[in-house]
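Student: Requesting a structural model of the entry that follows:
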Amino acid sequence: MIRAAPLLLILLINSKVHCSVGDLGPAELKGEDGEEKKNGLWQSGAQEMQDLAQLSWEYMQDLQCWLWPDKCEDKRSHAEWSWQSFGWDSLHLLTDWYAKVLESRDFANNLTGLQWDLDRRVHGQHLAVRQIITSLERFLKEDRIKKTLALSFHGWTGTGKNLAARIIAENLFWDGQRSLCTRVFIPQLHFPHLSHVDAYKVQLRKQIQAVSSHCAQPLFVFDEADKLPAALLQSLFPLLNPEETQDTRSIFIFLSGVGASTINEVVLNFWRAGRHREEITLDDLDRPLRVAIHQSKDQSLTHQLWLNDLIDEFVPFLPLERGHVKLCIRDAIEARGLTYRESALESVLEELLFVPKEEKIFSAQGCKQVAQRINFMKL
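Tutor: Numbers count the residues shown, from 1 in each chain. You can find the predicted model right below:
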């Protein structure tokens, strides 16, 4: 069994080499002269890789002889081979390469896919989509290694904040929110008792540090951040300070309802003035939103983060109109693999509440209850 351990390590390294070549797309396997270069990847690689492949085969034969002596035909020894002949410099090069493969295996960082998914699945949020793409693209292409990005999503319930965070995870990591590099914190689930805040602070810090220790680009999402105990900030402040973070490029996303009424008021004023919501710019919302956060009575987490200048971008989510909710209903039905008629979409809309009372422009809960309504109706 002593020889089995090196064998497993070497086979694991070899399997990563095969995977890295197999994962290349057609364009990447073509050279400038149009010829296949998959073999070239092996040939241009260090001779040590071919030595490892041969060594793996030899140890496989050796393991078979050890397990089934009566069936072993090859009795030759490996005395002629040694680590000295392979070279410690080569071994160091291999282990460094292998560490980088393991480190990057979770990251997709598919900005093209992110743009596509946000445009297609997050309805009525032209400002949020544009700001998310711009912020993440700038962050991921930043040369500095030590950096933290903190985004604060603001808006009414059901406007797409959670959906946008999920789409970000799906496009930055191969396993989406199931990735070991992502964590989602929910106040009611993770921090339900105010009397245990001191314990929560320790747990939160340990969890974030644990994820950061094995991920170079972790993602942390705090749902309903306005309901988080402000005392938890003692754990978050050092982690959100770029000068104090270690060799990680952490992304923090806070979802909050603070300032939602202010955002809604701006959009309603545009509607009453006969202007399209697509005409609304970040400049129209930035100052009113910051004022609303500053004046928030509950001194929420978002308020404290703003006061300490720890938020990089405030991302506003606008209230959804009937047309946007209709698209949500369509998406929910199609996600179930069902067919529908236009009348079915209208039937679901009639079950939802729209405000203000006079104009009935915006869905009171966005798209949040759409899925539940579909479950109780015949399409």
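Student: What is the burial count for residue 371?
Tutor: Per other CB atoms under 10 Å, the neighbour tally for residue 371 reads 15. For the C-beta atoms, the positions are set from N, CA and C on the backbone; glycine is no exception.
Student: That one touches residue 333, doesn't it?
Tutor: No: here residue 371 does not reach residue 333: they are 9.7 Å apart, not a contact under CB atoms under 8 Å.
Student: Following the chain onward from the one helix or strand residue 324 maps to, which element is next?
Tutor: Residue 324 is part of helix 322-335 when elements are defined by DSSP states H and E. Next helix or strand after helix 322-335 toward the C-terminus (DSSP H and E): helix 342-350.
Student: Check which residues of that following helix are buried.
Tutor: 344, 345, 347, 348, 349 (16 or more other CB atoms under 10 Å).
Student: Counting by contacts, list what whichever helix or strand comes after that helix packs against.
Tutor: Using DSSP H and E, the helix or strand that follows helix 342-350 towards the C-terminus is strand 354-355. Secondary-structure packing of strand 354-355 (3 or more CB pairs under 8 Å, 6 or more residues apart in numbering; DSSP states H and E): strand 362-363.
Student: Pull the contacting residues for the closest residue to residue 231 other than its chain neighbours.
Tutor: Excluding the flanking residues, the one nearest residue 231 by CB to CB, 6 or more residues apart in numbering is residue 197, at 4.6 Å. By CB atoms under 8 Å, 6 or more residues apart in numbering, the contact set of residue 197 is 191, 229, 231, 232.
Student: Endpoints of stretch 351-363, how far apart?
Tutor: From its first residue to its last, stretch 351-363 covers 11 Å (CA to CA, to the nearest Å).
Student: For it, give the mean pLDDT please.
Tutor: Averaged over stretch 351-363, pLDDT sits at 93.
Student: One more: stretch 178-192?
Tutor: 91.
Student: got the buried residues for that stretch?
Tutor: 179, 181, 182, 183, 184, 185, 187, 190, 191.
Student: my guess is the first one meets residue 173, correct?
Tutor: In other words, residue 179. Yes: Residue 179 is within contact range of residue 173, at 3.9 Å (criterion: CB under 8 Å).
Student: shared neighbours of the two, anything?
Tutor: With CB under 8 Å, 6+ apart, residue 179 and residue 173 have common neighbours 106, 219.
Student: Now stretch 309-321: average pLDDT?
Tutor: Stretch 309-321 shows a mean pLDDT of 93.
Student: what's the span of it from first residue to last?
Tutor: 33 Å.
Student: helices and strands of this protein: which one bottoms out on pLDDT?
Tutor: helix 38-44 (a mean of 42; mean pLDDT, DSSP states H and E).
Student: And stretch 141-154, what's buried?
Tutor: In stretch 141-154, the ones that count as buried by 16+ other CB under 10 Å are 147, 148, 149, 150, 151, 152, 153, 154.
Student: which residues are contacting stretch 328-344?
Tutor: Contacts for stretch 328-344 (CB under 8 Å, 6+ apart): 121, 123, 320, 345, 348-349, 366-367, 370-371, 373-374, 377, 379.
Student: quick revisit: buried among the contacts of residue 197? Need that as a selection in ChimeraX.
Tutor: To isolate the buried subset of these in ChimeraX, counting by 16+ other CB under 10 Å, use the following:
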select :191,229,232
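Student: Among the contacts of residue 197, which one lies nearest to residue 252?
Tutor: residue 232 (12.6 Å; CB to CB).
Student: Please name the residues that touch the closest one.
Tutor: Residue 232 sits in contact with 191, 197, 200, 201, 204, 301, where contact means CB under 8 Å, 6+ apart.
Student: Show me those residues that map onto helices.
Tutor: Counted as lying in helices by DSSP state H, out of these, are 197, 200, 201, 204, 301.
Student: Is there a neighbour count for the third one? I'd like the number.
Tutor: To tie it back to what came earlier, the one meant is residue 201. Residues lying near residue 201 (other CB under 10 Å) number 18.
Student: could you check the distance from it over to residue 310?
Tutor: 16 Å (CB to CB, to the nearest Å).
Student: ok so residue 149 is a strand residue?
Tutor: Yes: looking at residue 149 with DSSP: H, G, I helix; E, B strand; the rest coil, it is inside a strand.
Student: With residue 345 as the reference, measure out to it.
Tutor: Taking CB to CB, one finds residue 149 at 37 Å from residue 345.
Student: quick revisit: emit the PyMOL select command for whichever of the contacts of stretch 328-344 are buried.
Tutor: This is the PyMOL syntax for the buried subset of these, where burial follows 16+ other CB under 10 Å:
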select buried, resi 121+123+320+345+348+349+366+367+370+373+374
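Student: would you list the contacts of stretch 328-344 in TSV and tack on secondary structure and distance to residue 160?
Tutor: Converted to TSV, the contacts of stretch 328-344 look like this (DSSP: H, G, I helix; E, B strand; the rest coil; distance: CB to CB, whole Å):
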residue	secondary structure	distance to residue 160
121	helix	8
123	coil	7
320	coil	8
345	helix	18
348	helix	18
349	helix	18
366	coil	7
367	coil	7
370	helix	12
371	helix	14
373	helix	18
374	helix	18
377	coil	23
379	coil	24
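Student: Out of the contacts of stretch 328-344, which one has the weakest pLDDT?
Tutor: residue 379 (56).
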